[in-house]
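Asker: Need a 3D model of the sequence below.
(one chain, ligands or ions: 2)
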Amino acid sequence: DLDGVITDTAQYHYLSWKQMADEEGLPFTWEDNHQLRGVSRQRSLEILLKGRSMPDEHKEDMLARKNRYYQEYITQVTPADLLPGVADFLDEARQAGILLGLGSASKNARAVCERLGVIELFDAFGDGYSVVNTKPAPDLFIWVAGRMDLNPRQCIVFEDAEAGIDAALTGGFWTVGIGPEDRLGKAHWIRPGLDGARIDDFPIPAATA
Ligand code: BG6
Ligand code: MG
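Answerer: Ligands and ions are numbered 1, 2, ... in the order given. Have a look, this model is predicted:
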């Protein structure tokens, strides 16, 4: 995953939703925001609206505004915004010959990875344009694994979102939850972040023929 794993754009998603919600007089807190982690833009708006009905054009306008605010925030992103330990971890994996795939629900993932300077590291790049059914459906991770000719059991998904862990487990992947136990308790391994992480921390059994 990207947002909340490789870089802390989760806070920019939150600030953008918050600005839009404040303009609309809709209640929205940082705690509410955890439910939106990993969730598509459209689905996030539905969660935020909590069943309130709105004309479709107004919803479109809210989505466009949120995205404008977000795109403004990400112009500030630089390689210094890689979360601690990420650069070393990706480097170690590449040196060990491990393929790297990105599976982000975001349509802005390519722009963010370009700004972070990591786009070239990925052997497969799945974003908000790659599949129709978004997390918690397993489609995106399966799409990314397929691009690398791998079976899900040969892959580990790193995710900060409950929707992302659910997607990966449904798809048959090994999972590392990045964040707190109460949100990510279903993952095979849980860590607060990748700082100090080594690939040997996540031993997966060799795939059987
Ligand atoms: C995910 C984020 O990576 O992408 C979500 O965790 C976000 O918060 C989703 O809603 C879609 O992003 P975008 O950039 O297409 O609005
Ligand atoms: Mg995420």
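
Asker: Once you drop chain neighbours, what's closest to Asn67?
Answerer: With sequence-adjacent residues excluded and distances taken as Cβ to Cβ, 6 or more residues apart in numbering, Asn67 is closest to Arg41, at 6.8 Å. (C-beta placed from N, C-alpha, C; glycine too.)

Asker: count of neighbours near the closest residue in space to Asp127 that isn't next to it in sequence?
Answerer: Take Asp127 and drop its neighbours on the chain: the residue closest to it by Cβ to Cβ, 6+ apart is Ala109, 3.9 Å away. Using other Cβ atoms under 10 Å, Ala109 has 24 other residues around it.

Asker: From ligand 1, how far off is Ala109?
Answerer: Distance, Ala109 to ligand 1, using Cβ to the nearest ligand atom, to the nearest Å: 7 Å.

Asker: for Thr134, same thing?
Answerer: Plainly put, Thr134 is 8 Å away from ligand 1 if you go by Cβ to the nearest ligand atom.

Asker: From Phe28, how far off is that residue?
Answerer: 21 Å (Cβ to Cβ, to the nearest Å).

Asker: Could you check the top helix by length along the chain and say which residues are buried?
Answerer: Counting by DSSP state H, the longest helix found in the chain is helix 56-74. For helix 56-74, a neighbour-count test (16 or more other Cβ atoms under 10 Å) marks 62, 66, 69-70, 73-74 as buried.

Asker: Packing partners of the lowest-mean-pLDDT helix or strand in the chain?
Answerer: In the chain, no helix or strand scores lower on mean pLDDT, DSSP states H and E than helix 30-34, which sits at a mean of 89. In terms of contacts (3 or more Cβ pairs under 8 Å, 6 or more residues apart in numbering; DSSP states H and E), helix 30-34 is packed against helix 10-24.

Asker: The helix it packs on versus helix 56-74: what angle between them?
Answerer: Helix 10-24 runs at 140 degrees relative to helix 56-74, counting by axes from the mean of the first three to the mean of the last three Cα atoms, to 10 degrees.
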